[in-house]
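> No letters, just coordinates:
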């Protein structure tokens, strides 16, 4: 079966410094993949590069989405194809309300004029599910939001925009138990057989409501180990160094 | 594959659409003073304006002050202004009337294009004043306001019909000796509006005066005097524009606002002069106990502007809210801001401004906050933010604070920046294209100000922030 996302030998970096050093990774339709790795291994860079952040320079390899090369596409074109990135630290944007931004974005990704009444109804009901106060729709995007509120707003955007691939960059970091629960339920609500998730996490709680298909361990810009969900427990118990040792021993 | 790296595109923010303002009428003035400034010219203007004697004397004394004063040594360079070339008085071929049908057709058409009679008809204005060059050609006020004792008329009429009030207040708050251009104003002032709101009267719908300068190489020196008595309230809107010429025009108006005990005055200005205008305007308010002055100030036009509305918080608990936006584009040097003097206990002020500069324009935020020894527990918060849309543009922030008293609560926040790449990435990652993302960010930047503007001006400002991207690969 064709892969939703297929990355081959990706080499990318910033300001001449290479961060991803020949990374390959595939995500099939309907699958949930988890990326684990120590700090600084290139996890966030990978997601930014997939999303097309102009700061990063791709100098080798390929990224295909639904069998089509996307390296030349701009960020907004990638979003329109169905990619979505939930940011580790979402930007605060003064003067633009959550509702205004979502309406503009929804219009952009669907290519259709958004009808106000059903849009508002959907927004209101999703905000209730995410336990967000309704007045947050009229607040400026992320401005003065707590860490938890920012992450819930990311999940709200995920649910409203309904992409084909959701990339979640530590969406659960810095959250209390209840907030992780809400975020995790939100991701579970989003996920179905037609879409896929690629999740960076240090916390397994966010995965509790999801069936993980595959785990990739990213170290020093490369995938060094792949396996099933059991790999998560293994790393939680024994840490990353053991993988590195194992990988070098295997060579 | 390095060539696949897409370079960042240059942002291009549209200039304000000026066509509407740039339609010139044929010069059909009945009288123009000689250019330059002499005692004879001043006497001549005074005679033509049929001034009371005290005013003629006032003008001559102001001229003397003007001649003895140097140009300001700070702020934008004013050396290109040659007063010998400025025509200070241009009398239009129109008598002041309260009926648009009596206004000469080309002048009426100009105000039609600016939407003034329309707003009046829709009852979104309770009174209208329209000045064309040096004289007011139209003035009206709703009947029920007249019955409540509200006076809204041109300054010339006020000089005769309400001479005692005018004499008591005229240029007492902004004296001619304040600086060179207030002295000039005292000598050659003409036109402007006089508003008097009696005790306890609330003027619910705004009054608006519109100032249009049509003559090339001329100056406009309108004087606005507003007195809001105890417990009364008013919203006054001032608009100004001019078509573009290749010679320098000068605007040195003067605004004096008297806000009495418990009164409230909102003074909104949208200034959209053409890019050949030197806009050296002086505005000041004095606020008594429990009174409130609210300034909303939009500066979009002119070649050079110096504009720092001043609020003197004279009575206990007096308050000032200042909200301003300045947009400087190519060939513009806009030096704007505010000044507040806390002169009584528990006075408070809130200054909130946004400035944008693009295409080589220079925008300076300049403010002065003074807390005197007589103002314990004064509270002042200043928030000024600047956004530069490209690397050729300039933005400066010069806040001055002079705190003499103890127990003052002073807050200051200044930000100068560019549109952040991370913010663009965030919005584009949601499917919004780059142009729209930039436009959203710029609109968002001025949003706190836009929402204070009268609706039609808020729409105008949003149009101004329409963004285009010029594809400049490589």
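Received, thanks. All of these numbers come straight from a predicted model, not from anything done at the bench.
> Tell me how far residue B:29 lies from chain A.
Counting by C-beta to the nearest C-beta, to the nearest Å, the gap from residue B:29 to chain A is 44 Å. Heads up, the C-betas are built off the backbone N, CA and C, glycines and all.
> Surely that residue forms part of a strand?
No: counting by DSSP: H, G, I helix; E, B strand; the rest coil, residue B:29 is not part of a strand but coil.
> Helices of chain A, residue ranges please.
A:43-51, A:75-81, A:98-110, A:116-129, A:147-161, A:177-190, A:230-238, A:241-250 (DSSP state H).
> Can you name the residues bridging to the closest residue to residue A:24 other than its chain neighbours?
Computed as C-beta to C-beta, 6 or more residues apart in numbering or on different chains, the closest residue to residue A:24 that is not its neighbour in sequence is residue A:8, at 5.2 Å. On the basis of DSSP bridges, residue A:8 is bridged to residue A:62.
> thought residue A:8 was touching residue A:61?
Yes: using C-beta atoms under 8 Å, residue A:8 is in contact with residue A:61, at 5.5 Å.
> and these two? which has more neighbours close in?
When residue A:8 and residue A:61 are compared for neighbours, residue A:61 comes out ahead with 19 against 14, by other C-beta atoms under 10 Å in any protein chain shown.
> got the contact list for that one?
A:7, A:8, A:9, A:10, A:11, A:12, A:22, A:23, A:24 (C-beta atoms under 8 Å, 6 or more residues apart in numbering or on different chains).
> and of those, the nearest to chain B?
Nearest to chain B among those: residue A:11, at 8.7 Å, using C-beta to the nearest C-beta.
> Against residue A:20, how distant is the closest one?
Going from residue A:11 to residue A:20 by C-beta to C-beta, to the nearest Å gives 6 Å.
> Of the two, give the one with the bigger neighbour count.
It is residue A:20, of residue A:11 and residue A:20, that has more neighbours when counted by other C-beta under 10 Å, with 25 against 18.
> Please determine how far the more buried one is located from chain B.
13 Å.
> Which helix or strand contains the residue of chain B found nearest chain A?
As assessed by C-beta to the nearest C-beta, chain A sits closest to residue B:444 within chain B, at 2.4 Å. According to DSSP states H and E, residue B:444 maps onto helix B:434-450.
> For burial, what's the neighbour tally of residue B:266?
Counted with other C-beta under 10 Å, residues neighbouring residue B:266 total 18.
> ok, it touching residue B:296?
Yes: counting by C-beta under 8 Å, residue B:296 is a contact partner of residue B:266 at 6.9 Å.
> Mind listing the residues bridging to the most centrally placed residue in chain B?
Geometric centre of chain B, nearest residue: residue B:269, 4.8 Å, by C-alpha atoms, centre = their mean. Beta-bridge partners for residue B:269, by DSSP bridges, are residue B:238, residue B:297.
> How about the contacts made by it?
Applying C-beta under 8 Å, 6+ apart, the residues near residue B:269 are B:237, B:238, B:239, B:240, B:295, B:296, B:297, B:298.
> Out of those, which one has the weakest pLDDT?
pLDDT across the contacts of residue B:269 is lowest for residue B:240, at 85.
> I am assuming that one contacts residue B:212, so please confirm or correct that.
Yes: judged on C-beta under 8 Å, residue B:240 makes contact with residue B:212 at a distance of 7.4 Å.
> Now do the contacts for residue 152.
Just so you know, I chose chain A. Going by C-beta under 8 Å, 6+ apart, residue A:152 touches A:130, A:131, A:132, A:179, A:182, A:183, A:186.
> my bad, chain B
Neighbours of residue B:152 in contact, by C-beta under 8 Å, 6+ apart: B:127, B:129, B:139, B:141, B:145, B:193, B:194, B:195, B:196, B:207.
> Among the residues you listed, which are located in helices?
Counting by DSSP H, those place residue B:145 in helices.
> Going by secondary structure, the residue lying closest to residue B:415 once chain neighbours are set aside is in what exactly?
Of all residues not flanking residue B:415 in the chain, residue B:385 sits nearest, at 4.4 Å (C-beta to C-beta, 6+ apart). Take DSSP H and E as the rule and residue B:385 turns out to sit in strand B:379-388.
> Direction included, what does that strand pair against?
Listed by DSSP bridges, the sheet partners of strand B:379-388 and their directions read strand B:348-357 (parallel), strand B:409-418 (parallel).
> For the residue of chain B closest to chain A, the count of nearby residues, please.
So residue B:444, with other C-beta under 10 Å, has 22 neighbours.
> check contacts around it.
Contact partners of residue B:444, counting by C-beta under 8 Å, 6+ apart, are A:93, A:94, A:95, A:96, A:140.
> If you rank those by neighbours, which is first?
If you count neighbours using other C-beta under 10 Å, the busiest of these is residue A:93, which has 24 neighbours.
> Just give me the neighbour total for the closest residue to it other than its chain neighbours.
Spatial nearest neighbour of residue A:93, chain neighbours left out: residue A:141 (4.3 Å); criterion: C-beta to C-beta, 6+ apart. The tally of other residues near residue A:141 (other C-beta under 10 Å) stands at 27.
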